[in-house]
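Chemist: My questions are about this predicted structure, shown below with the sequence.
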Amino acid sequence: MASKGNKTLNKGIPKLKDAFIIIVKTEWNNHIVDKLEKGAIQLLRQQNIACKTLVVPGAVEIPFAIKAYAESGQQKANAFIALGTVIRGDTPHFDYVCKFVSDGILSLNMILDIPSIFGVLTVNDEQQALERVGGIHGNKGEEAAITAIKMIAFNRKLKK
């Protein structure tokens, strides 16, 4: 379910053959992140797309895990989906973590030949996170999966 801000996201989802997506999720805020993952996996299964989940301690570690997997020689992924939840606290830690993970995903999109999708919630409080994992703003995990599918199709089209 796409949010109010993007009414066309789940229209025209391309049908892909032989796609494989790696989801990298965090342990932090697992009661929220697990719902993001569930939304992504359900959407990918509906589209008959294989996926595998890797778990890292926190959001800052997501870019490392993506790059390490991409260079590992294991089954080649067609896209990566980064899932996590960073909730603002009383210290500047929130700002640093959000910057590090977003800069890391951006860097991966510039150096890898496959897309890395930013599915990390950066919210002010837990209520905002819950609204984005099946609440009034849909499930951002589903949206990340749709984005991954569309970017795989885009990437394949460019490489023809």
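Modeler: Happy to help now that I have it.
Chemist: what packs against whichever strand or helix holds residue 151?
Modeler: Secondary-structure assignment from DSSP states H and E places residue 151 in helix 140-158. On a contact count with 3 or more CB pairs under 8 Å, 6 or more residues apart in numbering; DSSP states H and E, helix 140-158 meets strand 20-26, helix 30-46, strand 79-87, strand 116-123. Just so you know, the C-beta spots here come from the backbone N, C-alpha and C atoms, and that holds for glycine as well.
Chemist: Alpha carbons of the first one, as CSV, please.
Modeler: Okay, so that is strand 20-26. Only the C-alpha atoms of strand 20-26 are listed here, as CSV (Å, rounded to 0.1, in the frame of the first residue of the first chain):
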residue,chain,number,x,y,z
PHE,A,20,17.0,-12.1,-6.7
ILE,A,21,16.9,-9.5,-4.0
ILE,A,22,19.0,-9.2,-0.8
ILE,A,23,17.2,-7.5,2.1
VAL,A,24,19.6,-6.1,4.7
LYS,A,25,17.8,-5.4,8.0
THR,A,26,18.9,-4.2,11.4
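Chemist: low-confidence ranges in the chain?
Modeler: 1-10 (pLDDT under 70).
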